[in-house]
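Trainee: the following comprises the amino acid sequence and a computationally predicted model.
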Amino acid sequence: MKLSISVTEASSVNDTITFQIITKARENSTIDFTFASPVYRTYQQLNWLYSRLCLRLPEYVIPPIPEPPIPNLLDDLDYINRKRVQVERFLQKLGNRSKFVENMDFKYFLTNNMGSKKPTGYGKMGKKLGFLNNIIKPNYERGFRIYRPSEPIEENNAEEFQMRVIYVLRLEDQFNAILDNVNEMIKQREALGACINHVGDCSLQALNSKFRMGHGKSINNIERHKQYDSMLHLFGTLTNEVHYLLGRQATMESIIFGDVFLEYRNIIEAIKTVMNNRTEKLVEYVNAVKQRNKKYEKAEKLKSVKGLDSSDVQVAIAEESKLTENVQKEKEEFINVQKTVTRELIRFKKEKSDELNKILKEYSELQLRFEKQKLKALTSYLNKLKNISSGEVADVEPQSDLDNIAEFQVKSARYDGNDFNIDQKKSPEIFQRYDPLNVTPI
């Protein structure tokens, strides 16, 4: 049971963002409940859903919810669109997994009965694992709870678990490093655009100065003065256009590339929670074994002193038998949790591989498109400058080389594939409905 979910619109209302959510059943997927489409949900309602999933499904890696909207940026259409794409990726990952779709809170979230819900105020770790501090001495390794049982546990694959801990920690370091570099690259690109724009503004301001352009041999050479003024005006307009393209490029890099690595860095915390849940079950299993062993030793001592027919011995044997059943129960739960950790890590690796390959391809395509736009603008303006120098063009009001510069402006909190003149036959639809995950659950 899977759903195809898209967030088509987003708008800021009363210091929050409201998202329009469109839901469709996937082909060959049977849905056992009636969902509404479209529905309108605020960020607070999304946070409520995330908290409920964390509480009810602690053994599953829950996709991280996007960060809360910043009130001071709610008038920025680019920022609203960025949040829309983030929420869409979050809901798509939920709809792509049957276990989440089957959850009663997720079903309720997609119906018209959903009212104004507030977050529960706690996540997975807050109440679920807090009692461990009273059982074992807290031992942390960058978010992991480490526990080494004193009793030998045959089912405890300690070496394999430690290798997984190392893998997750290294992956966290890699995501942090990539994210830092991406943010620095975007920052430098925006700074370059601002510098170029400043140069262009200075050149346009020079047109209003008292100084005349030319070689200075004749103050009456009006035609030459006009040519230099036209060339300077063209240069100023070119820098403004390049500045605009650099700004759009930085924005799209944040949405398509930077935010994806931010999500993967945040999902590491969910993986740690699932692995810590295994530690919790291991503690419970070890405690059950200890209690059973103590009761077994007590029963053996009573047998040697009072004999097998003694009532005290029979009571001790009954208690031992009951504790043995509890040990078997805890053992099965631990084995199941250990299998869950393996399943979640395998699924995570596959999703990571598929999505990052797709993202890198889209990111490369994005870079090529913008560089071609810049090259086109530079080439066209260079030709115009040459024409002015040769006296063939005297127009001082240059036209933009983009097919339609207005199409680059964000008129609504949404992007589509027409913004960058993408050839749909040669390029992926990177600005169409964005579905970063499309994998079959393991």
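Mentor: That came through fine. Here the structure is a predicted model, which means the values were calculated and not measured.

Trainee: what residue ranges in the stretch 301-442 of the chain score low on pLDDT?
Mentor: Judged by pLDDT under 70, the stretch 301-442 of the chain has its weakly predicted residues at 391-442.

Trainee: what helix or strand does Asp309 sit in?
Mentor: Remark: Asp309 resides in no helix or strand, with elements defined by DSSP states H and E.

Trainee: next, count neighbours for it.
Mentor: Asp309 has 8 neighbouring residues, counting by other Cβ atoms under 10 Å. C-beta here means a position set from N, CA and C on the backbone, and glycine is covered the same way.

Trainee: now do it against Ser321, distance only.
Mentor: 17 Å (Cβ to Cβ, to the nearest Å).

Trainee: cool, Gln162 as well?
Mentor: Counting by Cβ to Cβ, the gap from Gln162 to Ser321 is 35 Å.

Trainee: same question for Phe261.
Mentor: From Phe261 across to Ser321, the span is 54 Å (Cβ to Cβ).

Trainee: got the contact list for Phe106?
Mentor: If a contact means Cβ atoms under 8 Å, 6 or more residues apart in numbering, then Phe106 has Leu49, Leu53, Leu94, Phe100 as its contacts.

Trainee: my guess is Tyr147 contacts Lys281. True?
Mentor: No: Tyr147 sits out of contact with Lys281 when judged by Cβ atoms under 8 Å, with a separation of 10.5 Å.

Trainee: surely Thr251 and Asp78 touch.
Mentor: Yes: when contacts are counted by Cβ under 8 Å, Thr251 is listed as touching Asp78 (5.3 Å).

Trainee: still on that earlier bit, which two in the contacts of Phe106 are spaced the farthest apart?
Mentor: Greatest spatial distance among the contacts of Phe106 (Cβ to Cβ): Leu49 and Phe100, at 9.7 Å.

Trainee: so what's the residue count around Ala270?
Mentor: Taking other Cβ under 10 Å as the definition, Ala270 ends up with a neighbour count of 19.

Trainee: report pLDDT for it.
Mentor: Ala270 carries a pLDDT score of 88 in this model.

Trainee: would you check that it makes contact with Glu59?
Mentor: No: the pair Ala270 and Glu59 fails to qualify as a contact (Cβ under 8 Å) at a distance of 11.1 Å.

Trainee: quickly find the element holding the residue nearest the centre of the chain.
Mentor: In the chain, the centroid-proximal residue (Cα atoms, centre = their mean) is Glu263; its distance is 2.5 Å. Mapping Glu263 onto the secondary structure by DSSP H and E places it in helix 259-306.

Trainee: return the distance of Glu263 relative to Glu67.
Mentor: According to Cβ to Cβ, Glu263 stands 10 Å off from Glu67.

Trainee: nope, Lys350 is what I meant
Mentor: Distance, Lys350 to Glu67, by Cβ to Cβ: 26 Å.

Trainee: and if you look at Gly258?
Mentor: Distance of Gly258 to Glu67, computed by Cβ to Cβ: 13 Å.

Trainee: please say which of those two ends up with more neighbours.
Mentor: Neighbours per residue, other Cβ under 10 Å: of Gly258 and Glu67, the larger number sits with Gly258, 21 against 12.

Trainee: the more buried one and Glu184 touch, don't they?
Mentor: No: in terms of Cβ under 8 Å, Gly258 does not count as a neighbour of Glu184; the distance is 10.6 Å.

Trainee: Ser150 falls within a helix, correct?
Mentor: No: when DSSP: H, G, I helix; E, B strand; the rest coil is applied, Ser150 is found to be coil, with no helix at that position.

Trainee: for it, what are phi and psi?
Mentor: The phi and psi values for Ser150, taken as degrees, to the nearest 10, are phi -80, psi -30.

Trainee: list the contacts of the residue lying closest to it once chain neighbours are set aside.
Mentor: Taking Cβ to Cβ, 6 or more residues apart in numbering, and ignoring the residues beside it in sequence, Ser150 has Val286 as its nearest neighbour in space, at 7.6 Å. With contacts defined as Cβ under 8 Å, 6+ apart, the neighbours of Val286 are Pro149, Ser150, Glu151, Ile153.

Trainee: can you tell me the SS state at the last one?
Mentor: Following three-state DSSP, Ile153 is assigned to coil.

Trainee: burial of it, as a residue count?
Mentor: Residue crowding around Ile153 was assessed by other Cβ under 10 Å; the count is 15.

Trainee: again with the second one
Mentor: Burial of Ser150 is recorded as 7 neighbouring residues (other Cβ under 10 Å).

Trainee: now do it, the pLDDT please.
Mentor: According to the prediction, Ser150 has pLDDT 73.

Trainee: do the last one as well
Mentor: Reading off the per-residue confidence, Ile153 sits at a pLDDT of 75.

Trainee: what helix or strand does Phe33 sit in?
Mentor: Applying DSSP H and E, one finds Phe33 in no helix or strand.
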